[in-house]
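Colleague: Show me how the following folds:
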Amino acid sequence: MTERRGPWTRHGRVPLCATSRLTAYRDEVTLPHGGRGTYDWVQVPDQVRVAALVEGELLVVEQYHYLAGPMWQLPGGAVEPVDRSSCTAAQRELAEETGYRGGRWGDKGSLYVLPGLTPARVHLWSTIDPTPSRAAPERAEADLLVRHVSVEEAMVAVRDGRLQCAASAALVMMLALERSQ
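Modeller: The predicted structure is shown next:
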């Protein structure tokens, strides 16, 4: 099972732990300097984040995260096996968390948020003028609060630490940059 990956060579892989949410692996590798070693990493589903603009204001969700505490972030979540694409996942997550559906969708690319730990990406999407309907958050999101804020207020939230989700912050900055051009 030897596989070359740039200056790295993988010689073997052992699963360390598997749950419904993740699998941790240890790869036997030859490192870029030629020595042998191991590399531990985690496989998790790709994620999505959505910048939804409703009448010029951005939808931001506020919730308490078990590991990180309270924060603002853009709506989003995991790309599930049933999703046909990251866009399908983004549309589903926006509807579940905020109740908004449809609009004019745009692909904003993707990011590796922890490239030394996982190959998972966060796919960034935007939608303009989605229509309101009934939200259906997951049980773990019972405390989720939807806010309508200006892009400028979202930028302030990035600076002052209320919006700490890296992918959300990147997408907010992209929107702010687009508006300034």
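
Colleague: report the longest helix in the protein, please.
Modeller: helix 166-180 (DSSP state H).

Colleague: how about that helix: buried residues?
Modeller: 167-172, 175 (16 or more other CB atoms under 10 Å). C-beta coordinates here come from the backbone N, C-alpha and C atoms, glycine included.

Colleague: Which strands and helices lie in contact with that helix?
Modeller: strand 47-54, strand 104-111, strand 122-128, helix 151-160 (3 or more CB pairs under 8 Å, 6 or more residues apart in numbering; DSSP states H and E).

Colleague: Columns mean pLDDT, mean neighbour count and distance to Thr2 on top of the ones you listed, output as JSON lines?
Modeller: JSON lines is the format used below for the helices and strands packed on helix 166-180 (pLDDT from 0 to 100; neighbours: other CB atoms under 10 Å; distance: least, CB to CB, whole Å):
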{"stretch": "strand 47-54", "mean pLDDT": "98", "mean neighbour count": "25", "distance to Thr2": "31"}
{"stretch": "strand 104-111", "mean pLDDT": "98", "mean neighbour count": "14", "distance to Thr2": "29"}
{"stretch": "strand 122-128", "mean pLDDT": "98", "mean neighbour count": "22", "distance to Thr2": "31"}
{"stretch": "helix 151-160", "mean pLDDT": "97", "mean neighbour count": "17", "distance to Thr2": "44"}
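
Colleague: which one of these lies closest to Glu96?
Modeller: When the helices and strands packed on helix 166-180 are compared by CB to CB, strand 47-54 sits nearest Glu96, at 11.0 Å.
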